[in-house]
Structures are given as C-alpha cells and as structure tokens.
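[1] Let's see this in three dimensions:
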Amino acid sequence: MVDLKTQYEHLKSEIDHELQEVFDSCIFIGGPKVNAFRESLEQYLGVKHVIPCANGTDALQIAMMALDLKPGDEVIVPAFTYIATAEVIALLGLTPVMINVDPDSMNITLAQIEAAITPRTKAIVPVHLFGQSADMQGIMDLASKHQLFVIEDNAQAIGANVRIGGEWKKTGTVGHFGCTSFFPSKNLGCYGDGGALMTQDDALAAKARMIANHGQSKMYYHDAIGVNSRLDAMQAVVLNAKLKRLDDYNAARNKAADYYDRAFASISALKTPARSAHSNHVFHQYTLQITRENAPELRDALKEYLQEKGVSCMIYYPVPLYKQPGYAHYWKGGELPVTEALCASVFSLPMHTEMTEEILKTITQGVTDFFASH
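    Predicted coordinates for the structure are as follows:
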C-alpha cells in the first residue's frame, strides 16, 4: 500500500549522512538529533510543545495519564477507528464510550458526542480519520460547555489544517493534547516505531514529559507513576529529513486522490472520499465505499480480483470497536448503523508519495474493469 523503498532512495544520501553522525556520537536515545526534530516539528505545527515518545499508542496513554483521568471515567471515541484509540482507555481502567460517525467524512459528529455525554464523561478523543480533521471548532466548544478534555488522535492527519475561529491551524494543536504516530506507513513515518504528543499548555507539557520518562522530575526522583517511552536518535534523523518534505508529500497524495476521483466518477457503485469544508485532506488513506446492497460480497470479490493483478487493496476497518471480543463488554447499546455500513463497505487503494501516472492507471483500470463486469 506504500512504497517506502523508492521514497528512501530519494532521501538516502541525507539520511545516511545523519545516521553516521549518530553512530559516531553513540548518542542513541535523546540528544541533539531528537532535540532538532522536536524543535522542527514545533515550528512546523505552530505549537509550543512537542514531546517525542516511542509510538502513537504511548502518546495517547501518556496524554490520558497527564490529564489525571481515573478508573471509571468515561472517554468518548468513535466506534469506527483503529483499536489503539480505545486500547489505552481500557488499559488505564477508564471506560470507552463508542459512538457513531458521519457517513461521509467518517469522523465523529457533535450530535453523537453530545448524546453520549454523562456525568462520568471526562474526555473526548476525536480521530482525524484517513487524513482530514473532525469538526474541532464544534468539539472544542462542546468540550468547554461540559468541561471536558479533548485529545486529538492525529496519527492519520499530520500536516492537515483545520479552521478554528476564522483561521487555519494544524491538526493536533487544537485540543488539550494532540497525539500522533510515526509508524513507517504514516504520512510522516520513521523506520521503526515513534510517536509524539503536542500541546500548547506549559503545565501539561511538563507533566507529559515527566510521565514519558519514568515519572522523573530529575534523575532518580520520581514524582509520578510514569512509563518508559522515548524516541531514539536514529528515528529522529529519518523524521527530520521527511518533515522538510511533508507538505510536498501531502500534495502528492492529493494529486493521486484527484486522479482516483476522476477515474471513479462514473462508477455508480462507488462513493469517493468526501472533503470537509472545515479541513483540508492529506489522504493517509484513499478510502472508497461500495454503495450496493451486496457490498460485503462485492468487496471480497474486488479484493481478490485486484490481488490477482498485483494491486493491493486493504479494508480499514472490518469490525466495529464494540464488536471486538476484548471490548464488547463495554457496549450496552444496539448496533450503530453508520458504523456497521462502513465496516461492510469500505476499502482502501494504494496511497503514497511515489504514485506515478502509470501506477495510478494500472490501479484504476483494475477497479474500472471489475465494476464493468459486476
């Protein structure tokens, strides 16, 4: 689904040179390379504090720990998302409250959030799914009204912009915390695991930084229960090289998405990705929906057809959170129809920074040929 090898070949001389400096210094954890990346990302995002950590899941956990969420507190999350969003809630003894999403943007909506708020609700985790922001202006207004924390799960939308109060801000910088993953396939990805938290709040930044380092205020003095979650210098080198090109990478993804849109415009069985008025899209995934009643069977047949032609096709996500065996006991309601429909109908095509017209033509021709015969 991504071509990291070709991308690396374009960055090879820069990355290899910087990695050699790491090896020569033997400063593998923290140090100048990590600090340089942190400062560059703070500047790029326009945020006061970036706290690098080991992965995106850790970032979410550290944010919830820094906000002093307690066992039994309820945290609202979309039912249509990757498991990590709910996983850390459960690990901390909190209660994930899973809600429906918008059928077009596939992000959570204000009406669904407000309907789920109870006296035990303490936080909202909007996931900026597939590359565009949830309605952060509305979510922040709603959170202020009910005195709730907001933790943005920005793992799929780094570099995207969202309209707040008449101006554009980077996703991940609006809530009390933003959290992101640098998993290799992400829009800004390293060559291993990595993640970060973002916040404009000095006190929250200091607390999160301490929690990520075993709860230490200074060496061997532990003021809080913490975790061991650090970004290493080698990953920082890769990330710094890619950060300089992130806007270009996201522009390339949009160019590929526009090509897909044009190719599929006449296929009535397909619904192409919507673009929200309050956010641009950075297309971490290009995710289509099959609109026919037999969508699950048709999707399986399409996936097999494309794979036979050497074209990748992934399903994100086939099972709602509340139907995952590890999380079903949190669920007290009935099925969420939009979430169920999305799980049964979505599929994603290859999307990365190295998409050539030849590659796009092969992929779109395969999809077009399939629906011409079905």
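[2] any idea which helix or strand comes after the longest helix anywhere in the chain?
    Looking across the chain with DSSP state H, the single longest helix is helix 4-25. Using DSSP states H and E, the helix or strand that follows helix 4-25 in sequence is helix 32-45.
[3] What angle do helix 4-25 and that following helix make with each other?
    Counting by axes from the mean of the first three to the mean of the last three CA atoms, to 10 degrees, helix 32-45 lies at 130 degrees to helix 4-25.
[4] change the start of the numbering to 20 and stick with it
    Taking 20 as the first residue, the last one we looked at is helix 51-64.
[5] Now do the buried residues in helix 51-64.
    Judged by neighbour count (16 or more other CB atoms under 10 Å), helix 51-64 contains these buried residues: 52, 53, 55, 56, 57, 59, 60, 61, 63, 64. Where C-beta positions appear, they are placed from N, C-alpha and C, glycine not excepted.
[6] thinking again about what came up before, just list what the longest helix of the chain packs against, helices and strands only.
    Here helix 23-44 touches helix 51-64, helix 252-262, going by 3 or more CB pairs under 8 Å, 6 or more residues apart in numbering; DSSP states H and E.
[7] where's that helix relative to the chain centroid, distance-wise?
    25 Å (CA atoms, centre = their mean, to the nearest Å).
[8] Rounded mean pLDDT for that helix, please.
    Across helix 23-44, pLDDT averages out at 97.
[9] buried stuff in it?
    Residues of helix 23-44 classed as buried: 26, 34, 37, 38, 41 (neighbour count, 16+ other CB under 10 Å).
[10] wait, doesn't the third one sit right on residue 52?
    Yes - look at residue 37 against residue 52 with CB atoms under 8 Å: they come within range, at 7.1 Å.
[11] ok, back up a step: okay if I get the helices and strands packed on helix 23-44 as a markdown table plus mean pLDDT?
    A markdown table is the format used below for these (pLDDT from 0 to 100):
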| stretch | mean pLDDT |
| --- | --- |
| helix 51-64 | 98 |
| helix 252-262 | 98 |
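[12] Any chance of CSV for these, columns distance to residue 168?
    Below are these laid out as CSV (distance: least, CB to CB, whole Å):
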stretch, distance to residue 168
helix 51-64, 19
helix 252-262, 27
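[13] now for the ones you listed, which one comes closest to residue 176?
    Residue 176 sits nearest to helix 51-64 of all the helices and strands packed on helix 23-44, at 11.9 Å, using CB to CB.
[14] after the closest one, next one along is what?
    Using DSSP H and E, the helix or strand that follows helix 51-64 towards the C-terminus is strand 68-72.
[15] orientation of the following helix or strand past that next one relative to strand 68-72 in degrees?
    Sequence-wise, the next helix or strand downstream of strand 68-72 (DSSP H and E) is helix 75-85. Here helix 75-85 points in a direction 120 degrees away from that of strand 68-72 (the same axes, to 10 degrees).
[16] where in the stretch 20-169 of the chain is pLDDT low?
    In the predicted model, the stretch 20-169 of the chain carries no residue with pLDDT under 70.
[17] can you give me the helices in this structure?
    Along the chain, counting by DSSP H, helices occupy 23-44, 51-64, 75-85, 103-110, 129-135, 155-165, 221-231, 252-262, 265-283, 314-327, 356-364, 376-391.
[18] Any idea which of those gets closest to residue 96?
    helix 103-110 (5.1 Å).
[19] May I have the closest one as PDB, with CA atoms only?
    Coordinates of each C-alpha in helix 103-110 appear next as PDB, following Å, rounded to 0.1, in the frame of the first residue of the first chain:
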ATOM      1  CA  ALA A 103      -5.300   1.800  19.700                       C
ATOM      2  CA  THR A 104      -7.700   4.600  20.300                       C
ATOM      3  CA  ALA A 105      -9.800   2.500  22.700                       C
ATOM      4  CA  GLU A 106      -7.000   0.200  23.900                       C
ATOM      5  CA  VAL A 107      -5.300   2.800  26.100                       C
ATOM      6  CA  ILE A 108      -8.600   3.800  27.600                       C
ATOM      7  CA  ALA A 109      -9.200   0.200  28.700                       C
ATOM      8  CA  LEU A 110      -5.600  -0.300  29.900                       C
END
